[in-house]
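Engineer: okay, here's the prediction I keep looking at, along with the sequence it came from:
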Amino acid sequence: MAHALKEVFYEKPKQALGAHPEDARVSLSYLSIAFIALFIGGVLGLLQGLERAGLMQLPPWLNYYQVLTAHGILLVIVFTTTFTIGYQFANLSHSLGGLLPKVRKLAWTGLVLMVIGVALVTTTIVMGDASVLYTFYPPLAASPFFYIGLVFLVLGIWACCFGVFINYRHWRKNHPGEPAPLLAFFAMGVFTLWFFASLGVTVEVLTLIPWTLGWKETVNVLVARTLFWSFGHTLVNIWYLVATSAWYAIVPKIIGGKHFNEKLIRLVVILLVVLNIPGGFHHQIIDPGISLSIKFLHVFMSLSIAVPSLMTAFAMFHVFERTGRQKGGRGLLGWLKKLPWGDVRFLAPMIAMISFIPGGAGGIINGSNQLNQVIHNTMWVVGHFHITVGVSVVLTFFGICYWLVPYLSKRTLTKKMNKVGVIQTIIWTVGMAIMAGSMHIAGLLGDPRRTSYTTYKDHPDALSWIPYEYIFAAGATLLLVGVIIQVYAVFHMMFLSPKGVTEFPAAEPVADAAPAPLWTERWGLWVVLLLMVVAMAYVVPIVDMIVHAPPGSPPIRTW
Amino acid sequence: MHRLEETWLTVSAGILIIFMFIVGYQTFAMGMGPPSNKETIDPQKVEETAPFDHPGVFKVGENKYEVVMTMEAFSFNPDDITVPKGAEVEFVLTTKDVVHGFQVAGTNINAMVTPGHIQRISQTFDEPGEYLILCNEYCGVAHQLMSTTITVN
Amino acid sequence: MSIHQRTLLSLVVIILFGGVLFYLSTDGFRAFTSESARTLDLMENNPPLPPVTLQDSEFRTFDLDEFSEDKYVFMTFMYTNCATVCPQMEMNMAEVYELIPPESIGKDIVFLSISFDPTRDDPETLAKYRTYYGSDGETWRMARAQDQEELDSLLHTLGVIVIPDEYGNFQHNAAFYLVGKTGRLLDVLDFTEIEEAAAAVNAVLAKGGE
Amino acid sequence: MKQAVYGLLLYLFLLLPPVADLLESIMIVHMHMQMPLLVAAGFLMGRFLQNKFPLFFEKWNHNGVPGIVLFVIIWSYWMIPRAMDEALTFQTVEWFKFFSLPFLAGVSLRDSWKKLTNAGKNSVLIYAAAMLLFMAFLYIGADEQICNNYLEIEQQTLGWGSLAIGVCIVIYLLQLLFIDQSEFR
């Protein structure tokens, strides 16, 4: 009986999406913006790599720091955000049986707001009025329109957040006693985190706007930095949560297996949501004005994310081994051979997962007191996030494209396109390995990040970094090739691939699995816990920063 | 299966706790904590405020030096400083404008210098040589030129 | 006993326990903070002050009991770098000084401000600080205790808590202390209530003796 | 049973002098971290006592009310500024803290919470929120030191922290009001 119910459960929504081509259009629009942003951002990335190594000189009207700001914002904020929304709304539509009309409207509103925001932000950057990098630390003051653009971006995200909350709530009301589908649960986690993460940065931006307009003379620099990182690092973990949604709920289906124990998956989601926001403080480990004991507490809070991450590693390898053995894999590692390595939908996320091992290890280094001091603001950090974001997250996103785009555009993934995908994945992996690897080494040697080409008056230490910078440039070149192939593949699958039906590969639980416990659905409680953890982390330092605030800083433009 | 999960979780939580012990021991017992000085200053009146009204290298004890330094886009004051070999040097830093980073390549000196705050960081220079001091936080159009040296002889 | 009776019984026992716990730990609901407990305790026990040698703004070195022999002493603890409570307290002390009959001053009662920051509050600093509040340096002296052990013992006896913070300042509690002729503490007064403090001192002076 | 062992481990960990010193060195951590963790340790260890003496709990804490009252009394006691101060200055009070929070408050919370009616649970939460908000009012508004062992800034921090937790509890209560809880059972 329960099994039959589950059948209906997983079959019906699939048709539902078919009945709602409008939902597909929402997702496809977001994905299109994502990949346009990826393309521009990728080109800018290569320009940066070449300039950094001294292989090319950028014209004065488009200098290194403008390019760096645009690269950061387009990839770190625009690409990941729009991709996530496109993907999560497709999941939601699939698993909840279609979006509500008002939610669809909210999603479109969000899109419009974000486009306005991105337009404002990029215009100010191109005009040279906002070379403040994507961290925009005051007292560097960009044009007010830059910050207003950011407000629009946040409003766009909020519109989508409310859409998700409304749809989820609606489904809950109509399905008493049933746990929500796993993918919807993930979406709820992602957007809850997003909403609460963006509160801090919104407060920051809203204080910066009157300051840049000259209505307010000074700003508290340390508080602004803290608010920024309460968002900045959570954003990283939002991507991570999005990627894990594919690892847990999609990848098992692609390799022909079942997903892991749902109770544990939900626990991981809840832990990631509750523990996440305080992680940002490790970006301020060598800041003045924050006491050692607070920093120590925050090392603990940052690293506590390791626990759900290790749970994920355990669960995924369990699923792989179980599936491989079912397919006849023998011996200690024989099951590995049985996995579908030639399928890009598996290969890309698999490499992403593997890269999370060095990525996580590097994260532990960045997050801990003394080790951070060695590598803070060096190329090491850049290498680190190109492994974590550039591989663990982005390669998962790329892998998702190969079923999501054809599914949404009612086309099929051809053998040829699969091969293109595999080649793209390999190019990407090699490119990132070369680039991020050399960045890690250069960083250990002291090469600073966020710095245009320089030899520091031919200082021997600085000269010793240059060879590594050539390797960055080589890696960046490969990566741009990867970007071009990926963008081509996505738009090909969107408009040119042969028509047909592609399945939505949502994994199912093992046959005798217990249903997910209903207490995991108590989002009210999780939000309260999240707020409590935030209070634990932030009340002490923020009160200290405000009570012992030095006189503030006026806006300064140094570019 | 259930047992495996639990062992795994215990091990991962255990690693976290052991790690925190090591970090805590280094920070609090060995005094290796990251630079976290809490003194403040008016960022718009740096030049009138002691000790930054007279930046420079000062001998404060037996082979102990204090370097009072201001940073601004895109220079260090004083620049090209010299200290004897084996000297224990405490850098007392602040910025007159935006956020800067203070890094000495080849050492563990790495600290953020934010406006309104006075940062302190110490290092003993045992190896003679000309060390590169650079700003590692983006501070403006000529950020890449912001550097100086500390010579140890 | 039925289950309800038993529950009721255990509830009564627990509430009684709670009552006793709260009663005992707050000196009969009179002192909910350590500060109030401290004053309560001081006023009930009238501890004798330990010997302490002081150096005042005129570079004179003297023993506290010698200075206060046969007189009441109106005392505060402060440090000159204090930007918060000390100036307020010294200002109020000056007002109390004004409210005491002038004929008693110097004869029956003397005023004394003791700094607990002896390294920075040298006689020169104290001499300057003294003038801000109109202390004459004779019947109202400002002084430091140079011997840290003696100072600690004095602070401890009077329950004055001084915690240095990270900014070169001190966090400390503040009050007026009235010491009797035999060198025992008589009263701890709220430093914000000038008139009350003056009235209390005058009452003691009027009574005379101990 | 396993959780009782974890509770014991947590308890022993909190008893370690360096851990206790670190947690007690910051006022807000002392009140809102060490103390709740001690309660949590007792909460976990409570399982052992429940198994060992099932009759005792059934007999004397039948409907959970006596137990929860004990919890509320102990918790409120440790909210008194003086109790916190004295835990730092008197050894006996410190011992009482390490005994009362886990074994009187934690264990009785464990045994009582599930036995309480919804109205009972909500009253406890309302009391906790009211208490925390009152403390916030007290500590943020105070212009003098309430605790002699801590700086005034820490006192203010504690006030804001209590406010945050109090508000969290209020939010929780509000969502109980607006969302039908039977969905989750």
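Structural biologist: Sure thing, it's come through.

Engineer: any regions of the chain where pLDDT drops low?
Structural biologist: I went with chain A, as the question did not name one. Applying pLDDT under 70 to chain A flags residues A:1-19.

Engineer: ah, I was thinking of chain C
Structural biologist: For chain C (pLDDT under 70), the answer is C:166-167, C:208-210.

Engineer: next, give phi and psi for residue B:77.
Structural biologist: phi -130, psi 120 (degrees, to the nearest 10).

Engineer: helix or strand for residue C:80, which one?
Structural biologist: Residue C:80 belongs to no helix or strand when elements are defined using DSSP states H and E.

Engineer: count the neighbours of it for me.
Structural biologist: Per other Cβ atoms under 10 Å in any protein chain shown, the neighbour tally for residue C:80 reads 21. For glycine as for every other residue, the C-beta is placed from the backbone atoms N, C-alpha and C.

Engineer: one more: residue C:195?
Structural biologist: So residue C:195, with other Cβ under 10 Å, has 10 neighbours.

Engineer: quick one, what contacts it?
Structural biologist: residue C:99 (Cβ atoms under 8 Å, 6 or more residues apart in numbering or on different chains).

Engineer: buried residues, the helix or strand hosting it. List them.
Structural biologist: Assigned by DSSP H and E, residue C:195 belongs to helix C:194-207. Going by neighbour count (16 or more other Cβ atoms under 10 Å in any protein chain shown), the buried part of helix C:194-207 is C:194, C:197, C:198, C:200, C:201, C:202, C:204.

Engineer: send over that helix as PDB, restricted to the C-alpha atoms.
Structural biologist: Extracted as PDB, the C-alpha positions of helix C:194-207 are listed here (Å, rounded to 0.1, in the frame of the first residue of the first chain):
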ATOM      1  CA  ILE C 194      24.500  63.500  47.600                       C
ATOM      2  CA  GLU C 195      22.000  64.800  50.100                       C
ATOM      3  CA  GLU C 196      21.300  61.500  51.700                       C
ATOM      4  CA  ALA C 197      25.000  60.800  52.100                       C
ATOM      5  CA  ALA C 198      25.600  64.300  53.600                       C
ATOM      6  CA  ALA C 199      22.700  63.800  56.000                       C
ATOM      7  CA  ALA C 200      24.000  60.400  57.100                       C
ATOM      8  CA  VAL C 201      27.400  61.900  57.700                       C
ATOM      9  CA  ASN C 202      26.000  64.800  59.600                       C
ATOM     10  CA  ALA C 203      23.900  62.500  61.800                       C
ATOM     11  CA  VAL C 204      27.000  60.500  62.700                       C
ATOM     12  CA  LEU C 205      28.900  63.700  63.400                       C
ATOM     13  CA  ALA C 206      26.000  65.100  65.600                       C
ATOM     14  CA  LYS C 207      25.900  61.900  67.600                       C
END
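
Engineer: would you mind checking which of the buried residues of helix C:194-207 is nearest to chain A?
Structural biologist: The nearest member of these to chain A, counting by Cβ to the nearest Cβ, is residue C:194 at 28.5 Å.

Engineer: I'd say the closest one and residue C:92 touch.
Structural biologist: Yes - the pair residue C:194 / residue C:92 is scored as a contact, 5.1 Å apart, by Cβ atoms under 8 Å.

Engineer: can you give me the helices for chain B?
Structural biologist: Ranges of helices within chain B are B:2-24, based on DSSP state H.

Engineer: any idea which residue sits dead centre in it?
Structural biologist: residue B:111 (3.4 Å; Cα atoms, centre = their mean).

Engineer: residue D:42 and residue D:109, how far apart?
Structural biologist: 8 Å (Cβ to Cβ, to the nearest Å).

Engineer: ok so, going back, what's near enough to touch the residue nearest to the residue nearest to the centre of chain B when sequence neighbours are not counted?
Structural biologist: The shortest distance from residue B:111 to any non-neighbouring residue, by Cβ to Cβ, 6 or more residues apart in numbering or on different chains, is to residue B:35 (4.1 Å). Residue B:35 is in contact with A:286, A:288, A:373, B:111, B:112, B:119, B:120, B:121, counting by Cβ under 8 Å, 6+ apart.

Engineer: quick one: residue B:35 from residue B:63, how far?
Structural biologist: In terms of Cβ to Cβ, residue B:35 sits 22 Å off from residue B:63.

Engineer: then residue A:233?
Structural biologist: Distance from residue A:233 to residue B:63, by Cβ to Cβ: 41 Å.

Engineer: who in chain D is up against chain B?
Structural biologist: For chain D, the residues in contact with chain B (Cβ under 8 Å from any Cβ of the partner chain) are residue D:22.

Engineer: in chain D, where's the longest helix?
Structural biologist: helix D:152-178.

Engineer: what residues does the stretch 451-559 of chain A put near chain B?
Structural biologist: Taking Cβ under 8 Å from any Cβ, the part of the stretch 451-559 of chain A that reaches chain B is made up of A:451-454, A:456-457, A:459, A:461-462, A:548-554, A:556, A:558-559.

Engineer: and the residue lying closest to residue D:76 once chain neighbours are set aside, what element?
Structural biologist: Spatially, and ignoring its direct neighbours in sequence, residue D:76 is nearest to residue D:131 (6.7 Å; Cβ to Cβ, 6+ apart). If you go by DSSP H and E, residue D:131 is part of helix D:118-141.

Engineer: residue D:38 now?
Structural biologist: Assigned by DSSP H and E, residue D:38 belongs to helix D:35-52.
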